[in-house]
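Colleague: how would this look folded up:
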Amino acid sequence: MREWFILSAVGRDRPGIVADLARLIFDCEANLEDSRMTILGNEFAAILLCSGSGDDLGERLASGARRLEWENRLTVFLRPLEGEPRPAIPAPGTKLLRVEAQGEDRAGIVARICGVLADRRVNIADLASETVGSPSGTALYHMTVTAEVPDPVDRGELASALDAAGAELGLEVTLTAV
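Modeller: As a prediction, the model looks like this:
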């Protein structure tokens, strides 16, 4: 019987972390199904979906994760999925839209924009953000959200609500089809 696990890892960035995580999954006779990996600050962060079979797969993965924590000073978290992964994005009954927000960096951008989405039961499938400098020295914030918008949600009303939230924060917010 196939089992599914989420493995997340965070640690000081260095060459070889991805290879170590992939080797752990391979050595446990599991398959790396999906992943997101990035550098945040000077830390590496990864979240991986893997699957495999065998009565002791969870124990093998947990043992390997503890070894990686010890040998490589990583923080590793392993969690079994309950049941099968959900179907591909977008979920049935939804349309995929991209929300982009950009402007001067300030506290509350993610909370406010994502709050507008949550109030309309919009699921965030992916979110990426970054703060970059500008020639004037002002910190600029850019966020891109891939959102699963339920079919009953009016796209025009959603765009208006996002525009209003953006205006409150001094942001330009756009809503486009993916």
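
Colleague: Report the contact partners of residue 119.
Modeller: By Cβ atoms under 8 Å, 6 or more residues apart in numbering, the contact list for residue 119 reads residue 161. (Each C-beta comes from the backbone N, C-alpha and C, glycine too.)

Colleague: Please tell me how far it sits from residue 111.
Modeller: 12 Å (Cβ to Cβ, to the nearest Å).

Colleague: And for residue 12?
Modeller: Noted for residue 12: a distance of 28 Å to residue 111, by Cβ to Cβ.

Colleague: In terms of neighbours, single out the busier of these two.
Modeller: Higher neighbour count among residue 12 and residue 111: residue 12, with 12 against 9, using other Cβ atoms under 10 Å.

Colleague: So that one is in contact with residue 43, correct?
Modeller: Yes: assessed by Cβ atoms under 8 Å, residue 12 is found in contact with residue 43 at 6.3 Å.

Colleague: if you skip the residues just before and after it, what's nearest to residue 133?
Modeller: What sits nearest to residue 133 in space, not counting adjacent residues and going by Cβ to Cβ, 6 or more residues apart in numbering, is residue 139, at 6.3 Å.

Colleague: Kindly report the same for residue 95.
Modeller: Nearest non-adjacent residue to residue 95, counting by Cβ to Cβ, 6+ apart: residue 149, 5.3 Å away.

Colleague: what about the one you found, neighbour count?
Modeller: Per other Cβ under 10 Å, the neighbour tally for residue 149 reads 22.

Colleague: Go through the strand or helix carrying it and flag the buried ones.
Modeller: Secondary structure from DSSP states H and E places residue 149 in strand 139-150. Within strand 139-150, the residues that count as buried by 16 or more other Cβ atoms under 10 Å are 141-143, 145-149.
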